[in-house]
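Novice: Structure here, sequence nowhere to be found:
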C-alpha cells in the first residue's frame, strides 16, 4: 500500500480579463513546479512559460520552484512579466496628481 499523504494546494494565474485558481491534490513534499505541472494550468494559458515565468507562494516569490516544497493549503502563483515598471508608474501618477492640483488652484 502507498504510504504517501496527499495534500490540497491551489495553483493560480491571472490575466487582466481572465483569472483561474485550480485546486490540486499532490503528494506531501511535492514542489511548486510539481503542483503547476499537475494542475494543467498551462493548457488554459498557453503564454505560461514553466521554465522562465517566476512563481511564488501567497505572493512571495520563490527562487527555485523545482525545489521549493509545498504545505497543505498553500496557493502557488505564476507571475506574468510586468508591462510597466511600478516605480515609473507611481511617479507618473504622482506627477499627474500634482499637475491637476496646480491646474485647479490657478
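Specialist: All right, it came through fine. These numbers come from a predicted model, not from an experiment.

Novice: Let me see the ranges of the helices in the chain.
Specialist: 32-39, 41-44, 86-105 (DSSP state H).

Novice: pLDDT of the second one, averaged?
Specialist: For helix 41-44, the mean per-residue pLDDT is 95.

Novice: Who are the packing partners of it?
Specialist: strand 6-15, strand 18-27 (3 or more Cβ pairs under 8 Å, 6 or more residues apart in numbering; DSSP states H and E). Backbone N, C-alpha and C define where each C-beta goes, glycine included.

Novice: who touches the first one?
Specialist: In this case it means strand 6-15. By Cβ atoms under 8 Å, 6 or more residues apart in numbering, the residues outside strand 6-15 that reach it are 19-28, 30, 35-36, 39, 41, 44-45, 48, 70-78, 80.

Novice: The last one now?
Specialist: Residues from elsewhere that reach strand 18-27 (Cβ under 8 Å, 6+ apart): 4-14, 34-35, 38-41, 44-45, 70, 75.

Novice: swap the cut-off to 7 Å and go again
Specialist: Outside of strand 18-27, the residues within contact range by Cβ atoms under 7 Å, 6 or more residues apart in numbering are 4, 6-13, 34-35, 38-39, 41, 44, 70.

Novice: which of those tops the neighbour count?
Specialist: Of all these, residue 35 has the most neighbours under the rule other Cβ atoms under 10 Å, reaching 26 neighbours.
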